[in-house]
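[1] The sequence and its predicted three-dimensional model are supplied below.
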Amino acid sequence: MPTESFTETEMLLYWNKYAQRLGDKGYKIMESLLLINDPKLNGTAITIELPNEGSKLDFEKELNGLLGHLKGHLHNHDITIEVIVNESVESKRNFNDQDRYNRLLEINPNIELLRTTFGLDLDA
């Protein structure tokens, strides 16, 4: 089995691609768990912190698929993933109304036309 070396940046690239693929298939919860924070790399061991046991259980259901994806794309079959539950982990995706609106505006600029046409306001 191949055991080529790889960097944390390369690992994050394929990690995020896998998350995006899950999101595109409609597995939004799993996508958000993968993106809740950046995993850390120590040799071939990847560590990710999740906010609770329920998240860990959901994550572990997809663990084999994720491992297969990473092992194949990074050409290293020594990769392992450790999940740590840290109740104090805060999602980097805490959005207020303005943040949500800005994100929607990035996705579809026509949102601004809709907002101005109908006199919609975020404060209402």
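    Cool, got the structure. Residues are numbered from 1 along each chain as shown.

[2] Give me the helices and strands touching the helix or strand where residue 49 lies, please.
    Taking DSSP states H and E as the definition, one finds residue 49 inside strand 45-50. Where contact means 3 or more Cβ pairs under 8 Å, 6 or more residues apart in numbering; DSSP states H and E, strand 45-50 is packed against strand 40-42, helix 53-61, strand 80-85. Yep, even glycine has a C-beta here, placed from its N, CA and C like the rest.

[3] try it again with 6 Å
    With contacts taken as 3 or more Cβ pairs under 6 Å, 6 or more residues apart in numbering; DSSP states H and E, strand 45-50 sits against strand 80-85.

[4] Can you give me the buried ones in the strand it packs on?
    Within strand 80-85, the residues scored as buried using 16 or more other Cβ atoms under 10 Å are 81, 83.

[5] quick one: contacts of the next helix or strand after that strand?
    Sequence-wise, the next helix or strand beyond strand 80-85 is helix 97-107, with elements assigned using DSSP H and E. By Cβ atoms under 6 Å, 6 or more residues apart in numbering, the surrounding residues in contact with helix 97-107 are 111, 122.

[6] Give the buried residues for whichever helix or strand comes after helix 97-107.
    As assigned by DSSP H and E, the chain's next helix or strand after helix 97-107 is helix 110-117. By 16+ other Cβ under 10 Å, the buried positions in helix 110-117 come out as residue 111.

[7] which residue packs closest to the residue positioned nearest the centre of the chain, ignoring adjacent ones?
    For the chain, residue 35 is the residue whose C-alpha lies nearest the centre (Cα atoms, centre = their mean; 1.8 Å). Excluding the flanking residues, the one nearest residue 35 by Cβ to Cβ, 6 or more residues apart in numbering is residue 19, at 5.2 Å.
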